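Participant: Coordinates for the following, if possible.
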Amino acid sequence: MCAAPSRHPLTIIETQRLTLMLALPEAAPRIVAYRRENWEFHKPWNPPRGQDELSVAVWRRRLESWAHEEREGLALRLMLFPRGDTGGAVLGTANFTQIVRGAFQACYLGYEIDYRAEGRGLMREALEGGIRHAFETMRLHRIMANHIPHNQRSAGLLKRLGFVPEGYARNYLFIDGAWHDHVLTALTNPNPQAPA
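Facilitator: Below is the predicted model:
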């Protein structure tokens, strides 16, 4: 007899100030509140978003789908909460997506933080924990992160984390009403392993 899949996230990462995990579907109203409150703050850096970003029902389904993706090893989507308070406010997100195995062992990293939490080092702390998990537990070899050239905060954060610029993509993504160039960066596992 097969057990039903667990409703709990597979991954919980604790850092000094944060708990990183995929929220349960019951957290959908708090995610909608986070999206609404940060809509304008994130607009210059995000692709166009529809009003479904503010739908509790959509977010419930999305969280269920993301839990399935995590169990299948396709993505790791983490939400940032105050340490030990996963019923509290969402402080941001850190997503390791488009995971490719085989000879590549790589993923893309995307992240964002609540405007009220910016400038406190929380995103660096979260990404250090997430990257360590991606390299040590998930055994990924390469994490890629791209940013708009004039996004100096993101460029500085990636540099501090050890990401190295590898290229420049013209008209890479449609963001905030226009096609924007992106700087392509990557970080490789400091303890490389052969694919499992």
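Participant: which intervals of this protein have sub-threshold pLDDT?
Facilitator: Applying pLDDT under 70 to the chain picks out residues 1-9.
Participant: That one: helices as residue ranges?
Facilitator: Counting by DSSP state H, the chain has helices at residues 28-37, 39-42, 56-72, 122-136, 152-161.
Participant: Output the contacting helices and strands for the fourth one.
Facilitator: Contact analysis of helix 122-136 by 3 or more C-beta pairs under 8 Å, 6 or more residues apart in numbering; DSSP states H and E lists strand 12-14, strand 18-21, strand 76-82, strand 92-100, strand 106-113, strand 142-147, helix 152-161 as its packing neighbours. Where C-beta positions appear, they are placed from N, C-alpha and C, glycine not excepted.
Participant: Could you export those as JSON lines, including distance to H42 and mean neighbour count?
Facilitator: Shown next, in JSON lines, are the helices and strands packed on helix 122-136 (distance: least, C-beta to C-beta, whole Å; neighbours: other C-beta atoms under 10 Å):
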{"stretch": "strand 12-14", "distance to H42": "23", "mean neighbour count": "15"}
{"stretch": "strand 18-21", "distance to H42": "19", "mean neighbour count": "23"}
{"stretch": "strand 76-82", "distance to H42": "14", "mean neighbour count": "24"}
{"stretch": "strand 92-100", "distance to H42": "10", "mean neighbour count": "19"}
{"stretch": "strand 106-113", "distance to H42": "6", "mean neighbour count": "20"}
{"stretch": "strand 142-147", "distance to H42": "14", "mean neighbour count": "20"}
{"stretch": "helix 152-161", "distance to H42": "12", "mean neighbour count": "16"}
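Participant: Make TSV from these and add distance to V56 to it.
Facilitator: Formatted as TSV, those follow (distance: least, C-beta to C-beta, whole Å):
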stretch	distance to V56
strand 12-14	23
strand 18-21	19
strand 76-82	15
strand 92-100	17
strand 106-113	20
strand 142-147	30
helix 152-161	29
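Participant: rewinding a little: ok, which of the helices of the chain comes nearest M79?
Facilitator: Shortest distance between M79 and these, using C-beta to C-beta, is found for helix 28-37: 7.4 Å.
Participant: Surely G162 and L187 touch.
Facilitator: Yes - contact criterion C-beta atoms under 8 Å: G162 and L187 qualify, at 5.3 Å.
Participant: out of these two, which sits in the more crowded spot?
Facilitator: Taking neighbours as other C-beta atoms under 10 Å, G162 and L187 compare with L187 leading, 20 against 14.
Participant: give the contact list for the more buried one.
Facilitator: Shown in contact with L187 (C-beta atoms under 8 Å, 6 or more residues apart in numbering): I131, R142, I143, A145, L161, G162, F163, V164.
Participant: if I pick G119, what's in contact with it?
Facilitator: By C-beta under 8 Å, 6+ apart, G119 lies in contact with nothing.
Participant: what does N191 give?
Facilitator: The contact partners of N191, taken as C-beta under 8 Å, 6+ apart, are F135.
Participant: How much space separates it from E136?
Facilitator: N191 sits 8 Å away from E136, taking C-beta to C-beta, to the nearest Å as the criterion.
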